[in-house]
Each structure stands twice: as C-alpha cells, then as structure tokens.
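# My questions concern the predicted model and sequence given below.
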Amino acid sequence: MHPVNRIEIIVNSAELGKMLDGLKQANIAGYLLIRNVAGQGFIGGSQDLEMTLLDNVYIIAFCVPDKIKSTVEIIRPILNKFGGTCYISDATEIRSMRCVASL
C-alpha cells in the first residue's frame with residue numbers, strides 16, 4: 001500500500017478533450033471517465049448540473065503526492081477558462097501482486 005492523491009473532476013463534456021490533454025500534460029496516465037453526470041452544486045446550490053444543455057463528465061485520476069502541485073497548476077487554468085469543478089483528496093492505493101484464477 002502507498003499514499004496517492006485522488007483527483008475528481010466534473011466538467012462539461014464539450015471540454016473533456018481539453019481536460020484530458022491537461023492530465024496528459026501533467027503526466028497523469030490513467031483515469032476513469034463516467035459520462036452523463038447530473039447533480040446539484042454544493043456552493044449555495046448555484047451550480048445545477050442537471051440544468052446544463054450539454055452532458056457532464058466525471059473524471060477520476062490518481063497521482064503520487066509529489067505531483068499534485070504541478071497537476072493543479074495545469075488543471076486550474078482549464079477550469080477557470082471553461083468551468084467545472086475539481087476535488088483532491090488523500091487515498092491509499094493497494095496493488096495486487098498476484099492474481100488468483102477462479103475455477
């Protein structure tokens with residue numbers, strides 16, 4: 001087990017390519033993408049994702065803690081220009097070294 005940072009990003013699907021390019025620039029190789037996300041914002045209810053005209057996407061990525069500052073420096077301008085939200089939290093990665101085949 002080792003510590004990682006979880007990066008959760010919600011953006012309009014029209015901006016997906018820009019955000020994925022930003023993650024690639026930050027050397028974040030892997031991510032999970034969930035399409036058609038809807039919800040309501042946490043800041044005074046002013047951001048109603050369900051009311052947008054285009055679909056939203058939810059991106060989950062992980063990086064080592066040493067890379068989070070440089071990653072945020074790349075992601076923040078994209079969010080500022082095109083909108084969206086990002087949350088960063090601590091997590092622990094568990095890597096399995098051996099797979100057990102089921103019979």
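Looks like it came in fine. Numbers count the residues shown, from 1 in each chain.
# Could you find the closest non-adjacent residue to Val64?
Spatial nearest neighbour of Val64, excluding adjacent residues (C-beta to C-beta, 6 or more residues apart in numbering): Val4 at 6.2 Å. C-beta: built from backbone N, CA, C; applies to glycine.
# Look up phi and psi at that neighbour.
phi -140, psi 170 (degrees, to the nearest 10).
# Help me confirm that it comes into contact with Ala61.
No - using C-beta atoms under 8 Å, Val4 makes no contact with Ala61, being 9.8 Å away.
# which of those two has more neighbours?
Ala61 (22 against 18; other C-beta atoms under 10 Å).
# Now that one: closest residue in space that isn't a chain neighbour?
Tyr31 (4.1 Å).
# What strand or helix carries Asn20?
Quick fix: residue 20 reads Leu, not Asn. helix 16-25 (DSSP states H and E).
# Over the helix or strand following that helix, what's the mean pLDDT, rounded is fine.
Counting by DSSP H and E, the element after helix 16-25 in chain order, helix or strand, is strand 31-37. For strand 31-37, the mean pLDDT works out to 93.
# For strand 31-37, give me every contacting residue.
10, 13, 16, 20, 23, 49, 55-61 (C-beta atoms under 8 Å, 6 or more residues apart in numbering).
# From these, list the buried ones, please.
10, 16, 20, 23, 49, 56-59, 61 (16 or more other C-beta atoms under 10 Å).
# Can you name the element that comes right after whichever helix in the chain runs longest?
For the chain, the longest helix by residue count, based on DSSP state H, is helix 68-82. Remark: after helix 68-82, the chain's next helix or strand is strand 85-93, criterion DSSP H and E.
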